[in-house]
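[1] Quick one, structure for this:
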Amino acid sequence: MKIEVAMLRTGLAQGGSSARRPQAATLPPNGPGLMGRALVVGGTGPTGPPIVAGLLARGHEVTMFHTGRHEVAELPDVPHVHGSPFEAGDIARAVGEGGWDVVVATYGRVRLIADEVANRCAHLVVVGGVPVYQGYVNPGSRFPYGVALPVREDSHPLVAPDEPRFAGYSTGPIRRTEDHVFSLGAKGSFGATYLRYPTVYGPRNPYAWEWNVVRRVLDGRPWLILADGGHGIHSRIAARNAAEAVLLAVDRPAIAAGKAYNVADDDLLTVRQWAQLVARAAGCDLEIRSLPRELPNPGLAVSAFGGQESPTCIVDTSRLREDLGYRDVVSVPDGIAETVEWMLANEPVLRASGTTDPFDYPAEDALVAAYEHALASLAPQAAPFGTGIERMDMVQTAKGRAL
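    Predicted coordinates:
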């Protein structure tokens with residue numbers, strides 16, 4: 001593949017445009033850091049612009065290495081190296097002959113990147129994900145079912161390096177990549193830091209889960225199906241908050257080296273609460289209809305693994321807070337509003353690209369009608385439990401009549 005180096009200014013996000021204002025870069029607690037050479041692998045996704053802006057604000061000389069297929073208006077003017085972060089030859093040409101103070105790898109074939117920068121980079125910061133935890137993608141693989149709550153970096157088991165493929169997804173390579181990076185770090189090739197992301201939301205996210213809700217608002221659809229009523233809880237991270245975690249790891253290499261960090265927003269939402277916030281940001285409240293997770297339904301399309309993942313996954317971010325001083329830089333409602341604003345500005349592109357949701361409204365109507373009919377038919381069998389389950393007697397401890 002041809003390698004191109006260019007000084008680029010603006011391009012359109014996924015072919016669209018947005019009126020969003022640029023976000024200010026955050027600075028480390030003690031002000032800008034020392035000048036250093038920083039290579040960002042990726043940089044055009046949801047977290048890229050705030051990472052690049054934050055590195056520049058800290059005094060780093062930044063170069064981006066990505067495919068060049070997407071350029072975004074929010075990016076500052078820095079050199080771009082275009083090539084494939086998945087091919088060894090392109091990676092070698094992008095890294096060049098010199099060294100780097102920090103390399104931030106947000107995508108690509110990380111094992112190849114790590115091999116190329118070994119002994120030529122002081123600090124390698126890699127973005128991974130929570131699927132490395134056993135029981136997240138395949139909850140039935142653990143007892144008790146699913147992940148332990150909250151999920152802690154050192155105490156929760158990771159998937160096996162040869163973990164079988166499940167739900168169309170292979171988690172074994174994620175584990176092997178982490179092991180490889182930390183092995184090189186242990187040999188002194190660089191300081192290695194891994195950031196384990198949960199579901200990310202923000203402008204330009206290629207996995208546009210919020211679009212499943214936003215499109216229904218735009219289509220005038222009055223209700224939304226959620227599996228099990230959307231009562232599961234999953235840690236999420238706003239793009240700007242994820243970038244903040246990356247920048248804090250860059251700021252404190254001596255502390256962060258050799259460690260993995262869970263990354264998540266300070267606040268937690270149920271899937272139902274998330275959908276309600278998204279719908280309101282899009283301009284309309286939607287009624288929530290519930291269908292069981294065991295029944296294939298469009299409510300499963302709001303998750304990465306079609307409802308086959310652990311129903312609840314809450315990651316513990318204590319290490320990130322205590323080691324690196326992490327705090328959200330954008331609240332959950334504001335982060336969702338930014339995401340929805342971008343989607344509204346890029347509606348034609350999102351309608352063309354679609355998501356895992358078929359948006360088959362007649363089929364939804366028929367499914368819900370059949371389900372409600374089936375529930376009504378079960379009323380006689382359910383009747384004994386309507387009166388047979390009584391409240392346990394207990395001593396009244398607040399104001400009121402004591403038993």
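
[2] okay, CA-based contacts and neighbour counts for the rest of this
    Fine.

[3] For Tyr107, which non-adjacent residue is closest in space?
    Of all residues not flanking Tyr107 in the chain, Gly42 sits nearest, at 5.9 Å (C-alpha to C-alpha, 6 or more residues apart in numbering).

[4] er, Glu210 actually
    In space, Glu210 is closest to Val278, 6.6 Å off (C-alpha to C-alpha, 6+ apart).

[5] helix/strand/coil for that neighbour?
    At Val278 the chain is in helix, as set by DSSP: H, G, I helix; E, B strand; the rest coil.

[6] What strand or helix carries Gly128?
    Using DSSP states H and E, Gly128 falls within strand 121-129.

[7] Actually, Leu112.
    Assigned by DSSP H and E, Leu112 falls within helix 110-117.

[8] Output the contacting helices and strands for that helix.
    Other helices and strands packing on helix 110-117, by 3 or more C-alpha pairs under 8 Å, 6 or more residues apart in numbering; DSSP states H and E, are helix 88-95, helix 172-186.

[9] For Gly140, which of these is the nearest?
    Closest to Gly140 of the helices and strands packed on helix 110-117, according to C-alpha to C-alpha: helix 172-186, at 16.3 Å.

[10] Tell me the buried residues in that closest one?
    By neighbour count on 16 or more other C-alpha atoms under 10 Å, the buried set for helix 172-186 is 172-178, 180-182, 184-185.

[11] of those, closest to Ala345?
    Distance to Ala345, by C-alpha to C-alpha, is smallest for Ile174 among the buried residues of helix 172-186, at 34.1 Å.

[12] show me the contacts for that closest one.
    Residues in contact with Ile174 (C-alpha atoms under 8 Å, 6 or more residues apart in numbering) are 128, 131-132, 161.

[13] Please enumerate the strands of this protein.
    Remark: strands assigned in the chain by DSSP state E are 4-8, 37-41, 61-66, 78-82, 100-105, 121-129, 191-197, 199-201, 223-227, 236-238, 259-262, 287-291.

[14] With mean neighbour count and distance to Asp357 added, can I get those in CSV?
    Output for the strands of the chain, formatted as CSV (neighbours: other C-alpha atoms under 10 Å; distance: least, C-alpha to C-alpha, whole Å):
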stretch, mean neighbour count, distance to Asp357
strand 4-8, 14, 35
strand 37-41, 24, 30
strand 61-66, 23, 29
strand 78-82, 20, 33
strand 100-105, 23, 30
strand 121-129, 24, 23
strand 191-197, 24, 23
strand 199-201, 23, 17
strand 223-227, 21, 11
strand 236-238, 26, 20
strand 259-262, 23, 29
strand 287-291, 17, 15
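
[15] Mean pLDDT added to those strands, as CSV?
    CSV is the format used below for those (pLDDT from 0 to 100):
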stretch, mean pLDDT
strand 4-8, 38
strand 37-41, 97
strand 61-66, 96
strand 78-82, 94
strand 100-105, 97
strand 121-129, 97
strand 191-197, 98
strand 199-201, 96
strand 223-227, 97
strand 236-238, 98
strand 259-262, 98
strand 287-291, 97
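
[16] Quick one: closest of those to Gly306.
    Nearest of these to Gly306, taken as C-alpha to C-alpha: strand 223-227 at 10.1 Å.
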